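Peer 1: Quick check, what structure comes out for this input:
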Amino acid sequence: MRDNLLIGYVVMDVLFVTTGALLIIFALMTEAEMAKELTAETVVQDLLLAMCPLNAAIGNAVLVFITFLLSVPAIVMPGTRGWLKVHGYMTVVCALFTMILGLSIWFETLETRKNLSNIWNKQKPEVQSLLQVQLNCCGYMNSTSPPFVVDATCPNGLVAAARVGCVSPYSTIANNFLDRIFTGAFGIVGIDVALVLATAMLLKDRKEKQRYRAIDEKNSGGGF
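Peer 2: As a prediction, this is how the structure comes out:
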């Protein structure tokens, strides 16, 4: 007889481990991208990616994989509940871990200008020039605060004064980018919660089956 609850649990478990794979792929691809030389086309994205907690994302992915492995005994041994409970608790831990990551990125969006100012000030003039070229701006707040970097986009003070500071276009891009990141993190939490619910339903089903089995065994024994 087909166990629909078990099938639903397995489907959610596969989706769960897929989120772990996506996390580690994102982190490794980001690290590889950041290792490349900065260009005008990639400088904005690379500096924003550097704001993401990549090591924590890798740690979260590893925890997801370990949690998935704990579900294997629960799947291959239909009568067990112990492994299922452990897997459920570990899934909750993964959900909390991912939620903390998402919240940390969300908090970044609340202080975008401050954080981007720190990033700008840490960059060499060459990188600041790449940002000016890509965003068609001069200086951070404006052409004089801090002073702009002389390049093709900002060749002199007169041209620089006519352009906006980089903070406005940079903040817009940063907020849109980080919004997608933390929304993705909260989406993963949603899958974790769905798996926890599937685990709880399967636990209840197995508990009832064990109770009925015990009743049947008692009744069978009483007939002798």
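
Peer 1: so what's Met12 up against?
Peer 2: Ile191, Ala194, Leu195, Ala198 (C-beta atoms under 8 Å, 6 or more residues apart in numbering). The C-beta positions use only the backbone N, C-alpha and C, and glycine is treated the same way.

Peer 1: Report the contact partners of Ala152.
Peer 2: Val133.

Peer 1: For Tyr89, the count of nearby residues, please.
Peer 2: Tyr89: 12 surrounding residues under other C-beta atoms under 10 Å.

Peer 1: whoops, I mixed them up, Arg206
Peer 2: Applying other C-beta under 10 Å, we find 19 residues neighbouring Arg206.

Peer 1: Surely it touches Arg81?
Peer 2: Yes. Counting by C-beta atoms under 8 Å, Arg206 touches Arg81, with 5.3 Å between them.

Peer 1: Check Arg213 and give its pLDDT.
Peer 2: According to the prediction, Arg213 has pLDDT 69.

Peer 1: separation between Met51 and Ile24?
Peer 2: 19 Å (C-beta to C-beta, to the nearest Å).

Peer 1: Which parts of this protein are helices?
Peer 2: Assigned by DSSP state H, the helices in the chain fall at 4-34, 43-49, 54-76, 82-110, 112-122, 125-135, 157-161, 167-222.

Peer 1: Now render these as CSV, adding distance to Pro147.
Peer 2: Formatted as CSV, those follow (distance: least, C-beta to C-beta, whole Å):
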stretch, distance to Pro147
helix 4-34, 27
helix 43-49, 19
helix 54-76, 32
helix 82-110, 27
helix 112-122, 12
helix 125-135, 10
helix 157-161, 9
helix 167-222, 14
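
Peer 1: Show me where the protein dips below the pLDDT cut-off.
Peer 2: 1-2, 213, 216-217, 220-224 (pLDDT under 70).

Peer 1: Any idea which residue is closest to the centre of it?
Peer 2: For the chain, the residue nearest the mean C-alpha position is Ala185 (3.9 Å; C-alpha atoms, centre = their mean).

Peer 1: ok, and the closest non-adjacent residue to Lys192?
Peer 2: One correction, residue 192 is Asp, not Lys. Among residues not flanking Asp192 along the chain, Ala95 sits closest, at 3.6 Å (C-beta to C-beta, 6 or more residues apart in numbering).
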